[in-house]
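S.K.: predicted model follows, preceded by the sequence.
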Amino acid sequence: MATVRQIRPERAGAALPADDLAGSTHFPRAAWARLRSAVPLTITEDDLIRLRGANEPISLTEVEDIYLPLTRLINLHVGAARGLARVTDDFLGRPAAKRPYVVAIAGSVAVGKSTMARVLRALLSRWPDHPRVDLVTTDGFLYPTRTLQERGLMERKGFPESYDIRRMIEFLLEVRTTGRARTPIYSHLAYDIVPGAYQEIAAPDILIFEGLNVLQIGAASKGGALFTASDFFDLALYVDAEADDISRWYVDRFMTHQATTFRDPDSYFHHMAGATRDEALTYAERLWREINAVNLAENILPSRARADLVIHKGPDHRVEELFMRRL
């Protein structure tokens with residue numbers, strides 16, 4: 001059963017007061033799972049293997065209990081948004097325009113945002129009402145490595161100042177007004193923007209916009225108007241977990257990459273491929289402690305207050321509970 005209740009202080013983590021979730025409707029996992037109704041499971045275990053990220057043991061049970069109710073909610077919202085848009089178009093006497101429904105997914109490094117985005121895209125694209133679903137990550141709006149090095153920001157990568165915020169805002173503005181835009185492509189292997197490469201967005205039914213910073217920062221557009229990214233979202237999700245759990249997931253993922261992708265000579269972290277296990281652990285723990293933990297506490301976690309739905313994971317990556325508001 002869903003409830004509205006005060007959140008215990010220890011549930012919110014050390015970096016943010018518990019009252020950012022106060023007044024939310026709380027759904028224990030079992031209560032949320034019942035909201036699936038009759039939504040069918042449309043992906044297989046093989047699909048899930050391709051969609052999950054490194055060290056993220058998402059199961060089909062997780063998809064059934066958490067993702068299918070969420071896709072049902074989004075489907076209902078898309079229908080309502082289209083109805084409202086038609087009413088507005090009729091009132092203004094203008095031709096109906098197709099505007100994508102934008103879902104934002106925020107949260108820390110290593111919390112599972114990318115896997116959630118990919119699974120949601122796969123599930124939502126199988127609904128007959130909105131088969132065209134695009135996915136964009138904010139990594140494409142990071143400044144190129146050369147720019148970050150020139151500005152002394154490599155140790156601040158992922159912080160607000162490492163992004164071309166104006167370009168991101170203009171992308172979102174163009175998508176919402178025309179349904180079409182393009183974004184630079186980021187290579188996780190090279191740890192850099194791919195020169196001259198772009199992802200084209202062409203009139204999707206739904207756009208999933210995923211990244212660390214989607215709920216926290218804004219900038220002026222070319223026209224001078226000041227926007228935050230949140231101004232363009234129809235639904236904002238925040239993937240949440242205790243900081244100690246995220247730290248462990250981050251280090252485990254780094255160690256997995258050290259034994260796999262870092263061995264590629266083109267990898268930015270190729271220099272770590274030959275490190276001993278202790279050296280790699282020390283390096284990963286420093287990256288978490290000095291960069292990612294600081295960014296989480298100072299910039300990412302405080303943005304949780306702007307989310308419509310907070311999805312909280314337990315130590316094993318399973319979603320334990322959800323908190324809904326402003327819906």
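M.R.: The structure has been received and is ready for your questions. If you're wondering where the values come from, they're calculated on a predicted model, not measured in any experiment. Residues are numbered from 1 along each chain as shown.
S.K.: show the average pLDDT along the helix or strand hosting Val136.
M.R.: Using DSSP states H and E, Val136 sits within strand 133-137. Mean per-residue pLDDT for strand 133-137: 97.
S.K.: list the helices and strands that strand packs on?
M.R.: helix 113-124, strand 192-202, strand 206-210 (3 or more Cβ pairs under 8 Å, 6 or more residues apart in numbering; DSSP states H and E). Using the backbone N, CA and C atoms, a C-beta is placed for each residue, glycine as well.
S.K.: with respect to burial, which of those scores highest?
M.R.: strand 206-210 (a mean of 26; mean count of other Cβ atoms under 10 Å).
S.K.: now Val109. Nearest residue, chain neighbours left out?
M.R.: Nearest residue to Val109, sequence neighbours excluded (Cβ to Cβ, 6 or more residues apart in numbering): Asn292, at 4.8 Å.
S.K.: which ones are touching that neighbour?
M.R.: Shown in contact with Asn292 (Cβ atoms under 8 Å, 6 or more residues apart in numbering): 108-110, 158, 250.
S.K.: in a helix, it, correct?
M.R.: Yes - assessed by DSSP: H, G, I helix; E, B strand; the rest coil, Asn292 belongs to a helix.
S.K.: and it, what pLDDT?
M.R.: On the pLDDT scale, Asn292 gets 97.
S.K.: mind listing the strands for the stretch 51-200 of the chain?
M.R.: Taking DSSP state E, counting those that start in this stretch as the criterion, the stretch 51-200 of the chain contains strands spanning 101-107, 133-137, 180-187, 192-202.
S.K.: same for the last one, what does it pack against?
M.R.: Looking back up the chat, that one is strand 192-202. Contacts defined by 3+ Cβ pairs under 8 Å, 6+ apart place strand 192-202 against strand 133-137, strand 180-187.
S.K.: compare those and give me the one nearest Leu235.
M.R.: Between Leu235 and the helices and strands packed on strand 192-202, the shortest gap by Cβ to Cβ is with strand 133-137, which sits at 13.3 Å.
S.K.: return the closest one as PDB; C-alpha atoms alone will do.
M.R.: Taking C-alpha atoms only, strand 133-137 is exported to PDB below (Å, rounded to 0.1, in the frame of the first residue of the first chain):
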ATOM      1  CA  VAL A 133      12.100   6.300 -28.400                       C
ATOM      2  CA  ASP A 134      15.500   8.100 -28.400                       C
ATOM      3  CA  LEU A 135      18.200   8.200 -25.700                       C
ATOM      4  CA  VAL A 136      20.600  11.000 -25.200                       C
ATOM      5  CA  THR A 137      23.200  11.200 -22.400                       C
END
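S.K.: spit out the contact partners of the residue nearest to Val111 when sequence neighbours are not counted.
M.R.: Spatial nearest neighbour of Val111, chain neighbours left out: Val239 (4.9 Å); criterion: Cβ to Cβ, 6+ apart. Going by Cβ under 8 Å, 6+ apart, Val239 touches 105-108, 111-113, 116, 311, 313.
S.K.: next, format these as CSV and append distance to Arg286 and pLDDT.
M.R.: Shown next, in CSV, are the contacts of Val239 (distance: Cβ to Cβ, whole Å; pLDDT from 0 to 100):
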residue, distance to Arg286, pLDDT
Ile105, 27, 98
Ala106, 25, 97
Gly107, 22, 97
Ser108, 17, 97
Val111, 19, 97
Gly112, 23, 95
Lys113, 23, 96
Met116, 27, 97
Ile311, 29, 98
Lys313, 24, 97
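S.K.: between those residues, which sits nearest Thr61?
M.R.: Distances from Thr61 to the contacts of Val239, taken by Cβ to Cβ, are shortest for Lys313, at 14.4 Å.
S.K.: so how far is Ile193 from that closest one?
M.R.: 30 Å (Cβ to Cβ, to the nearest Å).
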